[in-house]
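Enquirer: below is the sequence, then the predicted model.
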Amino acid sequence: DAKTTQPTSMDCAEGRAANLPCNHSTISGNEYVYWYRQIHSQGPQYIIHGLKNNETNEMASLIITEDRKSSTLILPHATLRDTAVYYCIVRGSARQLTFGSGTQLTVLP
Amino acid sequence: ETGVTQTPRHLVMGMTNKKSLKCEQHLGHNAMYWYKQSAKKPLELMFVYSLEERVENNSVPSRFSPECPNSSHLFLHLHTLQPEDSALYLCASSQERLVTEQYFGPGTRLTVT
């Protein structure tokens, strides 16, 4: 599975959009991009995933560049409860998810 | 109860003790997972069960012994642990065909003294 690179930490003002970047320059054609988050002292929570088209659900939007070498998770109106570590994961046919270090997002009041 | 539950939420045990962690999922899933999360380290996959058969074991020491009696329950039996085994142990489940949309429990915080 392709390796991902994410910033260690980011801040976002409450009510503003949080844009979390992820680089996956070695991604191959059959690999999906997944996003999970982990709020402190809780288990990870699935957010969204995509292959090549942009995706949106009730939690977030996922924008994948045309060359698929990077993606951005967008939380349109961040709240204090969105403070968490956000993991970008690229997975192909492997059964397991490989979690990296993620991005610590802190939403500031 | 909904989702994925884990008991106990906190456990302190000595190195000579034997204990078990329990996970139960109420989502109708047929794949279950154990992960370990040590302080300041990424999540590590330990075991995967699919349709009650163990399909992956990521080089986990034998002092950790999983058991999956049915598709809703997963156990992790612990014996003669070491202090470095102190960690958050997370259980997750998924539909077999959607293995990357996993639903996690709250975890058991284990301290080995």
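Expert: Now that the structure is in, tell me what you want to look at.
Enquirer: which residue does chain A bring closest to chain B?
Expert: With distances taken as CB to the nearest CB, chain A approaches chain B most closely at A:Gly43, which sits 2.9 Å away. C-beta coordinates here come from the backbone N, C-alpha and C atoms, glycine included.
Enquirer: enumerate every residue touching that residue.
Expert: The neighbours of A:Gly43, taking CB atoms under 8 Å, 6 or more residues apart in numbering or on different chains as the test, are B:Val4, B:Leu90, B:Cys91, B:Ala92, B:Phe104, B:Gly105, B:Pro106, B:Gly107.
Enquirer: is the second one within a helix or a strand, and which one?
Expert: Element membership of B:Leu90, judged by DSSP states H and E, is strand B:87-94.
Enquirer: pLDDT of the following helix or strand past that strand, averaged?
Expert: Downstream of strand B:87-94, the first helix or strand assigned by DSSP H and E is strand B:103-104. Throughout strand B:103-104, pLDDT has a mean value of 93.
Enquirer: stretch A:52-64 too?
Expert: For stretch A:52-64, mean pLDDT is 95.
Enquirer: cool, stretch A:77-97 as well?
Expert: Regarding stretch A:77-97, the rounded mean pLDDT is 88.
Enquirer: pull out the buried residues from it.
Expert: For stretch A:77-97, burial by neighbour count (16 or more other CB atoms under 10 Å in any protein chain shown) applies to A:78, A:82-91, A:96-97.
Enquirer: hey, C-alpha coordinates of it in PDB?
Expert: As requested, the backbone C-alpha atoms of stretch A:77-97 are provided in PDB (Å, rounded to 0.1, in the frame of the first residue of the first chain):
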ATOM      1  CA  HIS A  77     -17.900  24.100   9.500                       C
ATOM      2  CA  ALA A  78     -15.500  22.900  12.200                       C
ATOM      3  CA  THR A  79     -16.800  22.600  15.700                       C
ATOM      4  CA  LEU A  80     -14.900  22.000  19.000                       C
ATOM      5  CA  ARG A  81     -16.000  18.400  18.800                       C
ATOM      6  CA  ASP A  82     -14.000  18.000  15.600                       C
ATOM      7  CA  THR A  83     -10.700  18.300  17.500                       C
ATOM      8  CA  ALA A  84      -9.000  14.900  16.900                       C
ATOM      9  CA  VAL A  85      -6.200  13.200  15.100                       C
ATOM     10  CA  TYR A  86      -7.100  12.700  11.400                       C
ATOM     11  CA  TYR A  87      -5.600   9.800   9.500                       C
ATOM     12  CA  CYS A  88      -5.300   9.500   5.800                       C
ATOM     13  CA  ILE A  89      -4.800   5.900   4.600                       C
ATOM     14  CA  VAL A  90      -4.200   4.500   1.200                       C
ATOM     15  CA  ARG A  91      -5.200   0.900   0.700                       C
ATOM     16  CA  GLY A  92      -5.400  -1.400  -2.300                       C
ATOM     17  CA  SER A  93      -6.000  -5.100  -2.000                       C
ATOM     18  CA  ALA A  94      -4.500  -5.600   1.400                       C
ATOM     19  CA  ARG A  95      -6.900  -6.700   4.100                       C
ATOM     20  CA  GLN A  96      -5.600  -4.400   6.700                       C
ATOM     21  CA  LEU A  97      -5.600  -0.600   7.300                       C
END
